[in-house]
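>>> this one's sequence-less:
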């Protein structure tokens, strides 16, 4: 099975690019299942229900969120009605929605998708991400006779070290562990020693002529002068779609091959055959 993951969608430009290109990208890559992280798609902070629906209609099987999960207030109600939108497992015990789910891919195959928030350098302390993941992974073994044929973990975190630790923690129990949140794609796509595909950060679907997706004028002013003048706003130039594609073995659920995906915009193009 081929599973496509696209990193944090950034603002109106990123949102439009994913909506326009996702169906064609899935066809070109022969993807059986697709997950999109949409937590910055609505004005750079959070995701509205309408914009989540746009991604689902464009071909996303699941949309994940992150630390900005409920910045857009209507998501509080929308996520209760739409099980294909996931907030982090360890966000808050009373948060609406859920942090993991089993979804159907092509030919009736089942995919577990889970998202969790890291703690290192984040603005608030969340519940332990490792114990939250362990509970879910123990309940969903992979394999042809098991409940699921693949497992994808979106680890939404600031620290590279914490993401790497999560990859090793899930190694052999997940098909893919992919980091999100920092908006800069890393070059370490690999298959770990026990068979889990791993990438520290998928990058963003946004304009890279920016400061992590924001129009560069205000971030530069704040770095240079230490003073704020305006609110941050998402950059609106050419968009690069950034993410990762993993091919799994249906017998074991483990990764057979992994490729970074970068299409359009300013970054060097990289697409698997």
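Received the coordinates, thanks. These figures come from a predicted structure and were not determined experimentally.
>>> Please enumerate the helices of the chain.
For the chain, the helices defined by DSSP state H occupy 11-29, 49-58, 75-81, 129-139, 160-170, 217-225.
>>> Would you mind checking the average pLDDT for the third one?
Over the span of helix 75-81, the pLDDT mean works out to 97.
>>> Check which helices and strands it sits against.
helix 49-58, strand 85-86 (3 or more Cβ pairs under 8 Å, 6 or more residues apart in numbering; DSSP states H and E). Using the backbone N, CA and C atoms, a C-beta is placed for each residue, glycine as well.
>>> What are the buried residues along that helix?
75, 78, 79 (16 or more other Cβ atoms under 10 Å).
>>> In this structure the last one contacts residue 99, no?
No - the pair residue 79 / residue 99 is not scored as a contact, 10.6 Å apart, by Cβ atoms under 8 Å.
>>> shared neighbours, those two?
Residues touching both residue 79 and residue 99 by Cβ atoms under 8 Å, 6 or more residues apart in numbering: residue 87.
>>> Excluding chain neighbours, what is closest to residue 83?
Leaving aside its chain neighbours, residue 83 sits nearest to residue 101 (5.9 Å; criterion: Cβ to Cβ, 6 or more residues apart in numbering).
>>> which strand residues sit across from the one you found in the sheet?
With DSSP bridges applied, residue 101 shows beta-bridge pairing to residue 113.
>>> Would you map the strands across the stretch 101-250 of the chain?
For the stretch 101-250 of the chain, the strands defined by DSSP state E, counting those that start in this stretch cover 110-117, 150-156, 176-180, 190-191, 197-199, 204-205, 241-248.
>>> what's the span of stretch 100-112 from first residue to last?
With Cα to Cα, to the nearest Å applied, stretch 100-112 spans 7 Å between its terminal residues.
>>> Kindly state the pLDDT recorded for the residue lying farthest from the centre of the chain?
In terms of distance from the mean C-alpha position of the chain, residue 225 ranks first, at 33.5 Å (Cα atoms, centre = their mean). Per-residue confidence at residue 225 stands at 93 (pLDDT).
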